[in-house]
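J.: quick one: sequence and predicted model below, then my questions.
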Amino acid sequence: MDKILRINMSGEVPGFKIEDLGDYEGLGGRALTSAVIYKEVPPLSHPLSADNKLVIAPGLMSGSAAVISGRLSVGCKSPLTGGIKEANAGGQPSQMLGKLGYAAIIIEGKPKSNDLYKLFINKDGVQMTADKSLAMLGNYDLIDKMKEAYGDKIGCMSIGPAGEMKMSAASIACTDTEVRPTRHAGRGGVGAVMGSKGIKVIVIDDSGTSIRAPKDKERFKNANKIFAEGLKKHPVTGEGLPAFGTNVLTNILNEAGGYPTNNFAFGQFKGASKISGETMAETEIARGGLATHGCHKGCVIKCSGIYNDKDGNYLTKQPEYETVWAHGGNCGIDDMDVIAMLDRIDDDLGLDTIEMGASIGVAMEAGLLQFGDANGAIRLLKEEVGKGTPLGRILGNGAAVTGKVFGVERVPVVKGQAMPAYDPRAVQGVAVTYATSPMGADHTAGYAVGSNIMGVGGKTDPLKPDGQVELSRNLQIATAALDSTGLCLFIAFAILDQPETFNAMVELLNGFLGKDFTADDVAELGKSVLKNERDFNAKAGFTSKHDRLPEYFKNEAFPPHNVTFAVTDEELDQVFNW
């Protein structure tokens with residue numbers, strides 16, 4: 001990948017140019033998105049203004065034969081948090097952009113008209129076309145229309161109505177191997193930024209291209225084999241995730257008493273077994289769907305699936321654990337078909353399932369609905385958010401806004417972003433990540449759940465503060481580096497437990513890039529990414545006081561363990577003192 005596609009939407013007629021990497025040479029994925037935002041976006045700019053930029057970057061190895069290397073980073077200044085944002089997605093676009101030679105697409109400026117644009121990219125170049133007929137289409141109808149126009153070998157990145165309405169919970173959809181808009185760069189409102197730029201869809205056709213060749217073919221090939229074997233033999237990446245998807249965690253977290261229920265009021269949900277990964281996989285198979293499926297070519301874990309309705313018709317991809325929790329236990333709903341429908345609506349409207357489940361949970365706390373009101377949740381999402389009513393715009397701008405409007409104290413957010421499916425009192429390592437990540441509350445930024453709950457890479461007591469700061473620090477550094485490679489975060493289970501698999505991962509990178517990176521070099525990459533992100537946030541007005549959980553997590557004991565969050569503010573301030 002040796003070029004950047006830079007699109008300027010501010011002229012009388014939007015234009016684009018292709019340029020070399022320049023100062024961004026050697027960067028990919030999150031390292032590249034965060035470097036561009038740090039260098040080119042004024043930290044005090046409004047996230048929906050012409051000054052903000054949307055950066056789309058495949059990982060360093062995307063488009064190659066490296067297994068599970070199809071992750072994509074999307075970066076901007078977040079309209080949800082007001083700070084820097086990197087949202088990560090699977091699907092086909094990352095691999096396709098890599099094969100076309102693009103290290104990044106940078107979208108800047110803001111159109112003077114209300115036109116909507118589609119962008120078509122293939123080996124012959126780039127076409128940009130205004131198309132008002134796309135206005136307010138849901139992602140599913142939009143992608144069907146793109147397939148009619150460009151064939152079924154394409155990949156797409158798109159926004160739904162939520163992105164056009166510039167809601168702060170709006171996502172960017174990436175199509176999967178069936179060209180369905182099911183993989184989302186969900187967090188932080190990246191879809192609203194794409195909407196503010198007037199881009200409805202980016203269509204990618206990599207026909208006529210070849211996979212990217214490694215610099216050292218034999219070194220790469222040998223490392224790739226060892227790496228893939230390590231992933232397949234680990235009990236999480238080789239057995240649990242392929243069999244039951246990420247939702248294998250429902251029973252695990254519920255048993256551990258860390259499953260946030262009814263807007264983080266309780267740690268166990270009576271209906272958990274009805275919406276568990278085991279139950280979901282059984283349902284998928286019985287209805288002719290799939291319990292094991294890869295979201296992009298080259299995935300060897302295959303933690304996704306296909307969820308059909310009661311009549312055997314496709315409804316949505318297999319809902320992920322965080323989605324099942326957000327629309328399930330968090331809202332007191334134990335009907336898997338309802339949760340799958342809510343997932344489908346979120347994907348179609350272009351919304352982050354975590355943020356929307358949290359928003360509805362806060363609305364339930366406020367008394368707009370009763371916990372467990374499944375039909376009411378569907379109505380709020382489809383009829384209010386989907387149609388952009390005043391109530392819908394409140395909910396669609398996230399849990400923090402919803403809490404302010406309805407006077408709710410118990411709002412589970414950090415830096416304006418909703419917490420995912422692990423209570424910070426019962427899983428205190430991930431709570432440190434929630435509090436201190438530059439991204440706002442984000443489990444993927446430093447997934448301490450592996451150590452706290454499953455003993456991956458060593459066991460750290462989830463109910464005590466001891467060791468949590470060091471755990472989160474090391475994981476945040478490693479994750480920032482991984483997000484730059486294009487490799488899926490789920491490889492962490494294997495590389496933390498299997499030294500030979502970790503070494504193979506480093507060798508894979510070396511074989512592909514023709515480098516001699518050590519483990520320390522990989523850590524330095526992660527540190528450099530975090531430094532850019534934290535420096536940007538500091539210039540945007542963030543201080544250590546923003547690296548905190550809401551006070552009620554320190555004061556409100558959490559059943560069944562009846563514990564509070566016990567990591568002190570002084571300890572939180574040490575996370576980035578490496």
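T.: All right, it came through fine.
J.: which element is encountered next along the chain beyond the worst-scoring helix or strand of the chain on mean pLDDT?
T.: Ranked by mean pLDDT, DSSP states H and E, the weakest helix or strand in the chain is strand 290-293, scoring a mean of 90. Next along the chain after strand 290-293, taking DSSP states H and E as the criterion, comes strand 304-308.
J.: which parts of stretch 242-260 are buried?
T.: 242, 244-254, 256-260 (16 or more other CB atoms under 10 Å). Every C-beta, even on glycine, is put in place using the N, C-alpha and C of the backbone.
J.: send me the least confident helix or strand of the chain as PDB with only the CA atoms.
T.: Extracted C-alpha coordinates of strand 290-293, given in PDB (Å, rounded to 0.1, in the frame of the first residue of the first chain):
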ATOM      1  CA  LEU A 290     -24.900 -20.800  10.400                       C
ATOM      2  CA  ALA A 291     -23.300 -20.900  13.900                       C
ATOM      3  CA  THR A 292     -19.700 -20.600  12.400                       C
ATOM      4  CA  HIS A 293     -18.900 -18.000   9.700                       C
END
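J.: just to revisit the earlier point, which ones among the buried residues of stretch 242-260 map onto strands?
T.: Using DSSP state E, no member of those falls in strands.
J.: returning to what we had before: residues touching the least confident helix or strand of the chain, excluding its own?
T.: Contacts with strand 290-293, where a contact means CB atoms under 8 Å, 6 or more residues apart in numbering, come from 242-245, 280-281, 284-285, 302, 304-306, 317-318.
J.: how about stretch 385-404?
T.: Contacts of stretch 385-404 (CB under 8 Å, 6+ apart): 80, 161-162, 165, 167-170, 189, 345, 349, 351, 355-356, 358-363, 366, 380-381, 383-384, 405, 408-413, 416-418.
J.: for residue 533, helix, strand, or coil?
T.: Secondary structure, DSSP: H, G, I helix; E, B strand; the rest coil: residue 533 is helix.
J.: hmm, it is touching residue 85, no?
T.: No - counting by CB atoms under 8 Å, residue 533 stays clear of residue 85, with 9.1 Å between them.
J.: who's more crowded, those two?
T.: residue 85 (31 against 27; other CB atoms under 10 Å).
J.: before we move on, the earlier item: spatially, which two of the contacts of strand 290-293 are the most separated?
T.: Farthest pair in the contacts of strand 290-293 (CB to CB) is 243 and 317. Separation: 16.4 Å.
J.: in ChimeraX, how would I select the buried members of the contacts of stretch 385-404?
T.: Selection of buried members from these for ChimeraX, criterion 16+ other CB under 10 Å:
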select :80,161,162,165,167,168,169,170,189,345,349,351,355,356,358,359,360,361,362,363,366,380,381,384,405,408,410,411,412,413,416,417,418
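J.: narrow the contacts of stretch 385-404 to those in helices?
T.: Under the assignment DSSP state H, the contacts of stretch 385-404 contribute 161-162, 345, 349, 355-356, 358-363, 405 to helices.
J.: specify the local secondary structure of residue 106.
T.: strand.
J.: leaving out chain neighbours, which residue sits closest to it?
T.: residue 6 (4.8 Å; CB to CB, 6 or more residues apart in numbering).
J.: how many residues are close by the one you found?
T.: 16.
J.: re earlier: list the buried ones in the least confident helix or strand of the chain?
T.: 290-293.
J.: skipping adjacent residues, who's closest to residue 72 in space?
T.: Distances taken as CB to CB, 6+ apart place residue 94 nearest to residue 72, at 3.7 Å, with adjacent residues excluded.
J.: list residues touching both of residue 533 and residue 85?
T.: With CB under 8 Å, 6+ apart as the test, residue 533 and residue 85 both reach residue 439.
J.: quick one, strands of the stretch 351-500 of the chain?
T.: 413-414, 417-418 (DSSP state E, counting those that start in this stretch).
J.: what's stretch 204-216 in contact with?
T.: Stretch 204-216 has contacts (CB under 8 Å, 6+ apart) with 1, 61, 63-65, 92-93, 95-100, 120-123, 150-151, 153-157, 220-221, 510-514.
J.: in helices only, show me the residues you listed.
T.: Secondary structure from DSSP H places 93, 95-100, 150, 220-221, 510-513 of these in helices.
J.: wait, which of those residues is closest to residue 183?
T.: Within the ones in helices among the contacts of stretch 204-216, proximity to residue 183 (CB to CB) peaks at residue 93, which comes in at 8.6 Å.
J.: I'd assumed residue 74 was in contact with the closest one.
T.: No - using CB under 8 Å, residue 93 is not in contact with residue 74, being 10.0 Å away.
J.: now the common contact residues for these two.
T.: residue 56.
J.: contacts only, for the nearest residue to residue 458 once chain neighbours are set aside.
T.: Nearest non-adjacent residue to residue 458, counting by CB to CB, 6+ apart: residue 451, 5.9 Å away. By CB under 8 Å, 6+ apart, the contact list for residue 451 reads 429, 457-460, 471, 496.
J.: please spell out the ChimeraX selection for the buried subset of those residues.
T.: What follows is the ChimeraX syntax selecting those of those that are buried according to 16+ other CB under 10 Å:
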select :429,457,460,471,496
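J.: just the ones of the contacts of residue 451 in helices?
T.: Per DSSP H, the subset of the contacts of residue 451 in helices is 429, 471, 496.
J.: pretty sure the first one is touching residue 445, no?
T.: Translated: residue 429. No - taking contacts as CB under 8 Å, residue 429 lies outside contact range of residue 445: 12.0 Å.
J.: outline the domain layout of this structure.
T.: Using automatic domain parsing, the domain parsing of the chain gives 3-204, 216-244+424-578, 260-423.
J.: could you work out the end-to-end span of the last one for me?
T.: Right, the one you point to is domain 260-423. Taking CA to CA, to the nearest Å, domain 260-423 runs 5 Å from one end to the other.
J.: do the same with the longest one
T.: In domain 3-204, first residue to last residue: 16 Å (CA to CA).
J.: tell me the mean pLDDT for it?
T.: When pLDDT is averaged over domain 3-204, the result is 97.
J.: ok, the closest residue to residue 472 other than its chain neighbours - contacts?
T.: The shortest distance from residue 472 to any residue other than its chain neighbours is 3.8 Å, reached at residue 432 (CB to CB, 6+ apart). Neighbouring residues of residue 432 by CB under 8 Å, 6+ apart: 446, 448, 468-469, 471-472, 567, 572, 575.
J.: out of the residues you listed, flag the one nearest to residue 481.
T.: Nearest member of those to residue 481, counting by CB to CB, is residue 446, at 12.0 Å.
J.: what number of residues lie near that closest one?
T.: Other residues close to residue 446 by other CB under 10 Å number 25.
J.: now swap in residue 56 and tell me
T.: 28.
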